[in-house]
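*Asks:* Coordinates for the following, if possible.
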Amino acid sequence: MNEPLVVVDTSIHVASEAFSKKGSPSREVIARGAGNHFKFAVSELLLREIAEQLVGNGVDPEFVAEYLANLRVIASHFDDREDECVVCADPDDVFVMVLARTAEAWCIVSYDHALVDENATPPGWSIGAFLGRLRERRGEPPRTPFPI
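*Replies:* Numbering: from 1, shown residues only. So this is what the prediction gives:
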């Protein structure tokens, strides 16, 4: 199966490494990307923002450097472009949408409501919607809220 390109917004990386416990949805997203369930699409602007936000939220700078080094190895890299016109509710998020279009990503996954838009091209999905669609794409059973 050809793994889809996904732009994982900074909010997911920060939630995974600064605030979440093992088994959380944000950690599942990062683990699935690292496990080749999808391919991360990154740019220098995104990597820089991830680093700044992780350090700004109290994550050890040495861990952040290692995290980014690993992400650079497993991700597909795309140039940051300023020649594409994109409208976004939050001007600070325009580069994320431009990256997704440049990469021809399957989707953006984010906690940021300015980026969650199912009708955008590519769509922006909440973490729950993303994980559900990824499981479906991979032929995995849906996750149930109660143990069976």
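*Asks:* Whichever strand or helix holds V55: how far from the chain's middle?
*Replies:* Per DSSP states H and E, V55 falls inside helix 44-56. Here the centre of helix 44-56 is set off from its chain's centre by 13 Å, with C-alpha atoms, centre = their mean, to the nearest Å.
*Asks:* on contacts alone, who are the packing partners of the following helix or strand past that helix?
*Replies:* Note on helix 44-56: by DSSP H and E, the next helix or strand toward the C-terminus is helix 61-74. Counting contacts by 3 or more C-beta pairs under 8 Å, 6 or more residues apart in numbering; DSSP states H and E, helix 61-74 packs against helix 25-34, strand 39-42, helix 44-56. Every C-beta, even on glycine, is put in place using the N, C-alpha and C of the backbone.
*Asks:* Highest mean neighbour count out of those?
*Replies:* When the helices and strands packed on helix 61-74 are scored by mean count of other C-beta atoms under 10 Å, the highest mean neighbour count falls to strand 39-42 (a mean of 21).
*Asks:* out of the helices and strands packed on helix 61-74, which comes closest to E118?
*Replies:* For those, distance to E118 was read as C-beta to C-beta. The smallest value, 17.4 Å, belongs to helix 25-34.
*Asks:* on contacts alone, who are the packing partners of that closest one?
*Replies:* Applying 3+ C-beta pairs under 8 Å, 6+ apart, one finds that helix 25-34 contacts strand 5-8, helix 10-14, helix 61-74, helix 127-137.
*Asks:* Now that helix: average pLDDT?
*Replies:* Regarding helix 25-34, the rounded mean pLDDT is 95.
*Asks:* what angle sits between it and helix 127-137?
*Replies:* 40 degrees (axes from the mean of the first three to the mean of the last three C-alpha atoms, to 10 degrees).
*Asks:* what comes into contact with helix 25-34?
*Replies:* Residues outside helix 25-34 that contact it (C-beta atoms under 8 Å, 6 or more residues apart in numbering) are 6, 8, 12-13, 15-17, 19-21, 38-40, 70, 74, 109, 111, 127-128, 130-131, 134.
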